[in-house]
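pasting a predicted model and its sequence here:
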Amino acid sequence: MARRIDPSSDRNSGSGKQKNQKGTKNNKSFSGKSKVKPLSEAYLPTKEDILTFITENPDRAAKRDIAKAFNLKGDARIYLKDILRELADDGQVEKRAKKLSRPNTLPPIAPLTITGRDSDGGLIARPIEWNGETAAPLVLLHRTHKDKGPTVGVGDQVLAKIFASSDKSAAPYTGRVIKKLEKRDNAVLGVLRQLQSGEYRLEPVNRKQSEISIDAQHLNGAEPGDLVEAIPHQKSRFGLPQGKIEQVIGSIGSEKALSMIAIHEYEIPHIFPERAIEQAENAKPATMAHREDWRSLPLVTIDPADAKDYDDAVFAEPDTDPANEGGFVIVVAIADVSHYVQHGSSLDHEALKRGNSVYFPDRVVPMLPERISNDLCSLREGVDRPAMAVRIIIGADGRKRSHSFHRIMMRSIARLAYQQAQAAIDGALDEKTERVIDISLKPLWKAYAALKKARDKREPLELDLPEKKLILDDQGQVLKVIVPDRLDAHKLIEEFMIQANVAAAETLEAKNQPLIYRIHDLPSLTKQESLRDFLKTLEISLARGAELRPSQFNGILSRVRGTDHEELVNQVVLRSQSQAEYNTDNIGHFGLNLRHYAHFTSPIRRYADLIVHRALIRALNLGPDGLSNDEIGELPAIALSISQTERRAMLAERETTDRLIAHHLAEQVGNEFQARVQGVTKAGLFVTLATYGADGFIPISTLGREYYHYDEAGHSVAGERSGKGYRLGDSVEVRLVEAQPVAGALRFEMLTEPRLLPASLQSHHKATKFSRKAGKSRTGGPARGKPAHISRKSKR
């Protein structure tokens, strides 16, 4: 039975007849498969209705999709939320990639391994990752003469579009191959060492892998100290596995060797194919075809002082429209990368494969060759360059009145650094800023002041976690670690870029043009509860019931600003957040508190932005090189791929920083440092050095003579007898015991005595009748990087 609710609760309700007609239309257009009967707004669907819908619409089963399909509004959505929670508690549905799905089912797009052939010669595959309670299901891969996908065979790994099979007896699913995935072989990356006995050992980069014994005849020209790839070829019941050197990458002592470890470990493409280089070198400067001439507009670029490419330029002026008194016209111009990187070209294939540029402290692995990124698409001062521009009208209150996109030819009048532009506004002019202060910089700052009003009213999440930057010498070694100042110049460019990204998403939605959004979900219920439990220990409450808003987090952060808990609470709030990602389904951006958001402003270094540029060209008829029909069909797979390459880049960048700092500190073993507890686990404490930002580990077995209990909710460990211990955010003094540069691992010894914790955090096991030996043995090796549950600051 459907449950009856009060129909008068919908403040927009009209006649019942009109609502039923609208519901029928919505349901019919939503999916050709679903046979669910649309309901009157006075009723909710039963659990069986919802389960049927989720089963028949696996790619469109978010909560709002279900509400739309059944025409649920107002209070009906609250009842729907209750039903979905009951189904989740009963284990009948689960949340996967922002959508609801049935347990033990495959998502609409999944990576598969081709395991064999059926009796008709068709390829059979199984999912690479499967967490279901049943055996991994079979997928039959169908291919016709019309398919343009790659040729694949048994043993290959592929990304495939998954469909429910009409013949369940053969296999529960069928699939269409989207792309072939590169397989990792069993190569082990590590450093070759020679023992005093003369024997050779491979010290793996990945500490989870065991050492490999290398016979002298299998060195393949490698020398001790070389970074190599080895293939294990013989395992023994006793002793180390045997192996041979497959490839010599370089000396571990050479410049940039540590970032090369991450490049190989994460299989980051770093050498462009000859065909891609050839296409880049042969590219010709753009002409005025399909473009407006904006070369007289005084656009400027504002970038880091050491930037090699300049892909965004900005302009602002007061709006002369009497109806918009105090308002501004702002322009954001972005390098027109889509003109040079055509769909289907070698350049395009390589850009998609990389997904994004990777920024190591000692090098950059670019998404596009330098001929494109540092030359043809770099908005150099005084040089004509093609661009995609958005013209935005804002009011005196900073709110957007209108916007329009244009394909233009531009000419930057000045290339400025952030510090240079800020100094000019603060009154310290130089030769260059003196000639642009009135026509460019002052109007920009006035427009930003208006935008800031709207931003403050919008209340995005305002975490205060400055990131450290490594300063290296000519040999790629760490000189010092700094925290760059965050200037108004940085905030101005950030806000201008956000406005352009919002305008891109809104334009494409208005044109019903498929696109890839930048989405950021609100914290999961589990993380919300964990955060509430932690905040209770500080006597801070977080509201229950209603959906959380960034403003609630900001209120908490404001409350602890200037206190001893400020950094601690900022860290815990950060860890409670979801990971931002790319998706073709829009759920909004929680952190920025925006309903519509897509990446448009960096097509030189992000493939997502290149897709958005092509979508705008198609939607607005700005040229023949817009998004193709083939690309539209591939957008979900592209979104998944570039989300994965972004995470890969973040991990590689972080681990390279860890290795560089561990290499720098290797000569300081035995020294004492000020640190802060940044992670607490049952195995021990993760600490961050105040000076270097380096992360290391203190095994719990080394903390003292009594047994320590781990309190997950309180982010603390407490002694069983004394009640004294350590908690997240504690300022402590530590001694460096061991440094492993290749693994990026540091191990420390605690010097600060434990302190008495609040009663709520003290171990409740004091009265246990079972005695334990003091300092119970735990794994005590150094740990690399941050604990697994610590997330990095999301890129917007």
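That came through fine.

burial check on residue 206, number of neighbours?
12 (other Cβ atoms under 10 Å). (Glycine included, C-beta is placed from N, CA and C.)

check contacts around it.
Contact analysis of residue 206 by Cβ atoms under 8 Å, 6 or more residues apart in numbering lists 188-189, 265, 743.

filter those down to the ones in strands?
Applying DSSP state E to those, the entries found in strands are 188-189.

ok, so of the contacts of residue 206, who is nearest residue 48?
Comparing the contacts of residue 206 against residue 48 with Cβ to Cβ places residue 265 closest, at 48.4 Å.

among the contacts of residue 206, who's most crowded?
When neighbours are counted by other Cβ under 10 Å, residue 743 leads the contacts of residue 206 with 24 neighbours.

any low-confidence regions in the stretch 101-250 of the chain?
101-104, 119, 131-135, 143-149, 168-170, 182-186, 207, 234-238 (pLDDT under 70).

that one: strands as residue ranges?
In order along the chain, the stretch 101-250 of the chain carries the following strands (DSSP state E, counting those that start in this stretch): 109-117, 123-127, 139-141, 157-164, 173-181, 188-194, 200-204, 212-214, 226-234, 242-251.

again with the stretch 501-650 of the chain
In the stretch 501-650 of the chain, the strands defined using DSSP E, counting those that start in this stretch lie at 517-519, 581-583.

what of the stretch 251-400 of the chain?
Taking DSSP E, counting those that start in this stretch as the test, the strands found in the stretch 251-400 of the chain are 292-293, 300-303, 312-318, 328-335, 358-359, 364-365, 384-394, 400-411.

and the first one, what other elements does it pack with?
It refers to strand 292-293. In this structure, strand 292-293 packs against strand 400-411, with contacts taken as 3 or more Cβ pairs under 8 Å, 6 or more residues apart in numbering; DSSP states H and E.

so the strand it packs on versus strand 384-394, what angle?
Strand 400-411 and strand 384-394 are oriented at 170 degrees to each other (axes from the mean of the first three to the mean of the last three Cα atoms, to 10 degrees).

so what strands line up beside strand 400-411?
strand 292-293 (parallel), strand 384-394 (antiparallel) (DSSP bridges).

among the ones you listed, which comes closest to residue 524?
Residue 524 lies closest, by Cβ to Cβ, to one member of the strands paired with strand 400-411: strand 384-394, at 34.1 Å.

what's the angle from that closest one to strand 328-335?
Using the same axes, to 10 degrees, strand 384-394 lies at 150 degrees relative to strand 328-335.

pLDDT averaged over strand 384-394 - what is it?
For strand 384-394, mean pLDDT rounds to 99.

and the angle for the helix ranked longest in the chain with strand 109-117?
Of all the segments of type helix in the chain, defined by DSSP state H, the longest one is helix 629-665. Put simply, helix 629-665 runs at 100 degrees to strand 109-117, going by the same axes, to 10 degrees.

mind listing what's buried along helix 629-665?
Judged by neighbour count (16 or more other Cβ atoms under 10 Å), helix 629-665 contains these buried residues: 631-632, 634-643, 645-646, 648-650, 652-665.

same question for stretch 378-390.
Buried residues in stretch 378-390 (16+ other Cβ under 10 Å): 378-379, 385-390.

fine by me, thanks again.
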